[in-house]
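Student: sequence? don't have it. structure:
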């Protein structure tokens, strides 16, 4: 299995166009909005999330270059972790592709029907297929065994009015596990984690590479970076487990590392306020010293 980290920042990227916080003005390497490409054979590729940066990300990734025919593309489909704008708007940019297959949780498919009618819009273009991601069974995606795990119930702002007993039912946010039956390699992609849920230890067990939600370094980061009195409460409502602090994801990495010497832990979906995005920062050094990676855009992983 091969994987490429197309982007490693949260919504808006880093630096963010409307922000002059310390990280955005630090000169740290730019990061595009998060996304992943995976392949069992290096020929057919599947995207995980489709951010507004997807066109530039595809053009910057040689494995995803068009060809060999004049209208051929190695991109075969998209798996969505959630319904957020920064993970779904890129589907519109893929409309020229002649149709793709999209997998997503039922609640997400419903949101893309009603509140943000991407499915209806793309229905005017040929070949689009929509499939439900199930947390109860494994699916085959291009020769990879794919399983999903519910990790959050946060709806996007645009979908808050959807009926609870309609398309809004079911998990809103999932993590994916990709396994290559030919090599035994496994990768877990969890860019959005509201908590470290029961069963997540088992979901990540045996994976060679685990990408976790690195949105916020600390619980009070947003307020400190923006100077807004209500920012700390707003950060808590965003549904992202911080990296540090009691119960943070870094504590879980420390807890699991000794028993999993073959696992590489890494962070993606870094918010533009997150000091971890700056390799010169103390926060970056702290995370690296704990045994976790903070990979840049374009990082490639073979498993």
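Tutor: Thanks, I have it. Being a predicted model, the structure only gives us computed values, none of them experimental.
Student: Kindly provide the distance from the closest residue to residue 82 other than its chain neighbours to residue 264.
Tutor: Of all residues beyond its chain neighbours, the one nearest residue 82 is residue 173 (4.4 Å), with distances taken as Cβ to Cβ, 6 or more residues apart in numbering. Where C-beta positions appear, they are placed from N, C-alpha and C, glycine not excepted. Relative to residue 264, residue 173 is positioned 23 Å away (Cβ to Cβ, to the nearest Å).
Student: between the two, which one's more packed in?
Tutor: Counted by other Cβ atoms under 10 Å, residue 173 and residue 264 do not tie: residue 173 has more neighbours, with 27 against 17.
Student: you'd agree that one is up against residue 149?
Tutor: No: with contact defined as Cβ atoms under 8 Å, residue 173 and residue 149 do not form a contacting pair (9.9 Å).
Student: any idea which helix or strand comes after the host helix or strand of residue 46?
Tutor: Following DSSP states H and E, one finds residue 46 within strand 45-48. Note on strand 45-48: by DSSP H and E, the next helix or strand toward the C-terminus is helix 54-59.
Student: Please list the residues outside the helix or strand following that next one that contact it.
Tutor: Following the chain from helix 54-59 toward its C-terminal end, the next helix or strand by DSSP H and E is strand 75-79. Strand 75-79 is contacted from outside by 37, 44-50, 58, 64, 91, 94, 97, 100-104, 133, 141-142, 146, 176, using Cβ atoms under 8 Å, 6 or more residues apart in numbering.
Student: Partner strands of strand 75-79, with direction?
Tutor: strand 45-48 (parallel), strand 101-104 (parallel) (DSSP bridges).
Student: in the chain, which helix or strand is least confident?
Tutor: Ranked by mean pLDDT, DSSP states H and E, the weakest helix or strand in the chain is helix 231-237, scoring a mean of 61.
Student: Find out how far the next helix or strand along the chain from it is from the centre of the chain, if you would.
Tutor: Later in the chain than helix 231-237, the nearest helix or strand by DSSP H and E is helix 249-257. For helix 249-257, the separation from the chain centroid amounts to 20 Å (computed by Cα atoms, centre = their mean, to the nearest Å).
Student: again, but for stretch 1-8
Tutor: Put simply, stretch 1-8 sits 10 Å off its chain's centre (Cα atoms, centre = their mean).
Student: pLDDT of that stretch, averaged?
Tutor: Over the span of stretch 1-8, the pLDDT mean works out to 98.
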